[in-house]
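> Would you be able to build a 3D model of this:
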Amino acid sequence: MSVQPEPEDILVARHGPHVLHLRLNRPALRNALRNQSLREIAGELARAEIDDSVRTVVISGNEQAFAAGADLNEMIQKDAIATQLDVRTQYWRAIARFPKPLLAAVNGYALGAGCELLMHADIAIAGRGARIGQPEINVGTLPGAGGTQRLIRTVGKPLAMKMVLSGEFIAAEEALRAGLVAEVVDDADTLGRTLALATTIAQKSPLAVRLAKEAMLQSFELGLEAGLLLERKSFSLMAASADRQEGIAAFQQKRAAVFSGR
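Got it, this is the predicted structure:
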């Protein structure tokens with residue numbers, strides 16, 4: 001059996017029994033995302049997917065930066081063909097397809113690839129001092145990991161156009177109003193609040209959480225009738241689960257439910 005190399009660009013820790021915490025760890029470069037960074041994130045998520053003890057995952061940076069963009073030193077070495085064939089796309093796809101809840105704790109700069117990573121999360125909590133943007137236009141290019149597509153679907157055409165075409169950043173409170181983040185808290189509380197929310201979600205039925213996430217994400221791809229059909233099938237599937245039986249019994253007995261994921 002091959003031995004997995006120790007990650008270098010992220011720090012991996014557990015928060016309680018069911019929350020995995022991935023901390024970006026390139027502080028000298030404001031956590032700029034290189035291929036290795038994304039490979040390590042995708043690899044940890046792949047392991048978390050098959051680990052039943054992991055129910056939610058939190059990604060964070062540090063106080064100065066969530067991630068201030070892609071690593072330009074790496075990108076500038078690639079021509080058009082190398083860029084098109086870059087394995088980086090596969091890592092982004094793996095992150096997007098992670099089926100368990102993925103939360104982002106955002107302090108400082110979340111720019112370019114950092115903003116795109118934020119948008120790959122299901123829930124983002126931002127510190128008041130966070131600055132979020134897609135400034136690729138300032139270096140003669142455009143977003144390349146979903147920034148034009150996910151941003152406009154999230155915040156709408158006017159704000160997305162402004163952010164992408166001007167390269168200007170937005171503050172955390174504007175990101176909250178636009179629906180780009182779910183909450184804004186004091187900078188010192190960002191990670192703690194995100195871990196607490198991840199812990200709350202981890203206490204729910206893993207099956208119901210996973211099916212609910214899938215149904216909501218499919219709403220971007222399906223028409224209303226197809227989406228409602230998927231929702232109903234998922235709802236019906238839960239009727240055969242031990243988790244639903246436990247949830248109803250716990251409610252009736254006025255106790256906390258203990259979900260098994262079965």
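
> what about the strands in this structure?
With DSSP state E applied, the chain shows strands at 10-15, 19-24, 56-60, 65-67, 102-106, 109-111, 123-127, 131-133, 170-171, 183-185, listed in chain order.

> As a markdown table, the ones you listed with mean pLDDT, distance to Leu33 and mean neighbour count would be great.
From N, CA and C alone the C-beta is placed, and that goes for glycine too. Output for those, formatted as a markdown table (pLDDT from 0 to 100; distance: least, CB to CB, whole Å; neighbours: other CB atoms under 10 Å):
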| stretch | mean pLDDT | distance to Leu33 | mean neighbour count |
| --- | --- | --- | --- |
| strand 10-15 | 97 | 10 | 15 |
| strand 19-24 | 98 | 8 | 22 |
| strand 56-60 | 98 | 11 | 26 |
| strand 65-67 | 98 | 5 | 28 |
| strand 102-106 | 98 | 13 | 27 |
| strand 109-111 | 98 | 10 | 27 |
| strand 123-127 | 98 | 16 | 26 |
| strand 131-133 | 98 | 15 | 24 |
| strand 170-171 | 98 | 20 | 18 |
| strand 183-185 | 98 | 23 | 18 |
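
> Tell me which of these sits nearest to Ser260.
Nearest of those to Ser260, taken as CB to CB: strand 56-60 at 16.2 Å.

> now that closest one and strand 19-24, what's the angle there?
20 degrees (axes from the mean of the first three to the mean of the last three CA atoms, to 10 degrees).

> so what strands line up beside strand 56-60?
For strand 56-60, the paired strands and their directions (DSSP bridges) are strand 19-24 (parallel), strand 102-106 (parallel).

> tell me how far that strand is from the chain's mean position?
Put simply, strand 56-60 sits 7 Å off its chain's centre (CA atoms, centre = their mean, to the nearest Å).

> again with stretch 247-262
Stretch 247-262 has its C-alpha centroid displaced from the chain centroid by 28 Å (CA atoms, centre = their mean).

> thinking again about what came up before, which of the strands paired with strand 56-60 sits closest to Ala113?
Nearest to Ala113, of all these, is strand 19-24, at 10.9 Å by CB to CB.

> relative orientation of the closest one and strand 10-15 in degrees?
Using the same axes, to 10 degrees: strand 19-24 against strand 10-15 is 160 degrees.

> Name the surrounding residues that touch strand 19-24.
Residues from elsewhere that reach strand 19-24, judged by CB atoms under 8 Å, 6 or more residues apart in numbering: 9-15, 31, 33, 37, 41, 44, 48, 54-62, 66-67, 195, 198-199, 202.

> residues in contact with the residue nearest to Glu116 when sequence neighbours are not counted?
With CB to CB, 6 or more residues apart in numbering as the criterion, Glu116 has its nearest non-adjacent residue at 4.3 Å, and that residue is Ala145. The contact partners of Ala145, taken as CB under 8 Å, 6+ apart, are Ala70, Arg88, Thr89, Trp92, Ala113, Glu116.

> Also Ala188?
So Ala188 contacts Gly127 (CB under 8 Å, 6+ apart).

> Does Lys213 touch Pro101 like I think?
Yes. The pair Lys213 / Pro101 is scored as a contact, 6.2 Å apart, by CB atoms under 8 Å.

> which of those two has more neighbours?
Pro101 (23 against 17; other CB atoms under 10 Å).
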